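**Q** quick one, what's the 3D model for this:
(one chain, ligands or ions: 1)
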Amino acid sequence: MEFIKEEHTLFNLTAEDLMISSEKVAHVQMNNPLEHALLILVKSGYSAVPVLDSKYRFKGIIGKGMILNEILGIERFETENLSTTIVEDAMRTDIPCLEKSADFFTCLKALIDHSFVCIVDQEHYFDGIVTRRAVLKHMNQYFYVNKDIFKLN
Ligand code: AMP
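**A** Got it, this is the predicted structure:
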């Protein structure tokens with residue numbers, strides 16, 4: 001099956017076209033207590049959000065599962081640790097990120113294993129995120145517009 005390279009197709013899209021910009025992205029900082037991170041996660045409904053340093057550089061992600069794991073004791077959740085442990089101690093740092101110029105397929109590949117991918121500049125300052133939803137939305141649109149070629153109903 002041959003993909004058509006026209007204007008306004010997936011081939012021309014970059015991470016910049018797909019991303020939610022930083023000012024609209026919920027985030028926490030490395031030195032925030034876990035209690036604060038949990039509050040942001042529960043209130044926003046997101047399962048994970050980016051972690052930034054005080055200069056707004058991307059450092060990793062924190063999610064509900066990571067927080068629960070951090071406060072898990074032998075027989076119970078040690079909820080008192082929510083106020084004494086900081087995000088830096090529970091976050092994941094082995095997270096791939098991309099630059100704004102990354103093409104659609106690079107974003108798609110990164111999103112196979114992650115529900116969102118962070119977009120940073122060369123000094124790692126945080127620009128925004130590209131979510132699975134944004135990529136799937138564009139793919140759906142692309143298949144719909146080209147449905148004759150793909151023999152879809
Ligand atoms: P979606 O593909 O829209 O379900 O988003 C995937 C994931 O991206 C969500 O579960 C969140 O972890 C993250 N996410 C989406 N939008 C935002 C946002 N505005 N702020 C922070 N994280 C977000």
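
**Q** and the most centrally placed residue in the chain, what does it touch?
**A** Nearest to the mean C-alpha position of the chain, by C-alpha atoms, centre = their mean, lies F116 at 2.8 Å. Contacts of F116 were listed using C-beta atoms under 8 Å, 6 or more residues apart in numbering, and they are A48, I129, V130, T131, R132. Just so you know, the C-beta spots here come from the backbone N, C-alpha and C atoms, and that holds for glycine as well.

**Q** isn't H124 right up against F58?
**A** Yes - using C-beta atoms under 8 Å, H124 and F58 qualify as a contacting pair, with a distance of 5.5 Å.

**Q** who has more neighbours out of the two?
**A** Using other C-beta atoms under 10 Å as the criterion, H124 and F58 rank with F58 on top: 23 against 15.

**Q** how about the strands in this protein?
**A** For the chain, the strands defined by DSSP state E occupy 20-21, 28-29, 48-52, 58-63, 97-98, 116-120, 126-131.

**Q** where does pLDDT dip in this protein?
**A** Residue ranges of the chain with pLDDT under 70: 1-8, 152-153.
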